[in-house]
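K.L.:
the sequence and its predicted three-dimensional model are supplied below.
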Amino acid sequence: QVRLVESGGGLVQAGDSLRLSCLASGHTFLFSSVAWFRQARGKEREFVAGITWNGGTTSYAASVNGRFTISRDNAKDTASLQMIDLKPEDTALYYCAAATNIRTTVPTSRDEYMYWGQGTQVTVSS
């Protein structure tokens, strides 16, 4: 049984920073990649950032590239998303997700991810 639990969301002002964490438990050795997705009200869930679980290869959505940094700590079974210079358009429910399919790059499609957390809300006021 795999479980992903996100934390670190909150209400901040534009320009502020936040760090989201995803704690994984269960068969984490099955993971090939871990990613963060987000879903704003009335919009589709979209890929934000991802990292291969062992290799450290990363991928970012164009809208967050240069502002967000994803990392993982295999020893602690955690993945983090450091967000700086937050904008009101970053407001969304942020989900941690894990994939098990072996890929040479980080998958960006939500269909590739088998395991999902419950989400943590990030609200950025202007």
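P.N.:
All right, it came through fine.
K.L.:
flag the shaky bits of the protein, pLDDT-wise.
P.N.:
Counting by pLDDT under 70, the chain contains low-confidence residues at 55.
K.L.:
and the strands in it?
P.N.:
Using DSSP state E, the strands found in the chain span residues 3-7, 10-13, 18-25, 33-39, 46-52, 58-60, 68-73, 78-83, 92-99, 115-116, 120-125.
K.L.:
can you tell me which of those strands is most buried?
P.N.:
Across those, averaging neighbours per residue (mean count of other Cβ atoms under 10 Å) puts strand 33-39 on top, at a mean of 25. Backbone N, C-alpha and C define where each C-beta goes, glycine included.
K.L.:
can you get me a residue count around Arg45?
P.N.:
16 (other Cβ atoms under 10 Å).
K.L.:
next, give phi and psi for it.
P.N.:
phi -70, psi 130 (degrees, to the nearest 10).
K.L.:
so which residue is smack in the middle of this structure?
P.N.:
Centroid-nearest residue in the chain, with Cα atoms, centre = their mean: Trp36, separated by 1.8 Å.
K.L.:
ok, back up a step: Thr105 is nearest to which of the strands of the chain?
P.N.:
Of all the strands of the chain, strand 58-60 sits nearest to Thr105, with 6.7 Å by Cβ to Cβ.
K.L.:
using JSON lines, lay out the strands of the chain together with distance to Pro107.
P.N.:
JSON lines is the format used below for those (distance: least, Cβ to Cβ, whole Å):
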{"stretch": "strand 3-7", "distance to Pro107": "16"}
{"stretch": "strand 10-13", "distance to Pro107": "28"}
{"stretch": "strand 18-25", "distance to Pro107": "16"}
{"stretch": "strand 33-39", "distance to Pro107": "6"}
{"stretch": "strand 46-52", "distance to Pro107": "7"}
{"stretch": "strand 58-60", "distance to Pro107": "8"}
{"stretch": "strand 68-73", "distance to Pro107": "14"}
{"stretch": "strand 78-83", "distance to Pro107": "15"}
{"stretch": "strand 92-99", "distance to Pro107": "6"}
{"stretch": "strand 115-116", "distance to Pro107": "13"}
{"stretch": "strand 120-125", "distance to Pro107": "21"}
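K.L.:
no further questions, thank you.
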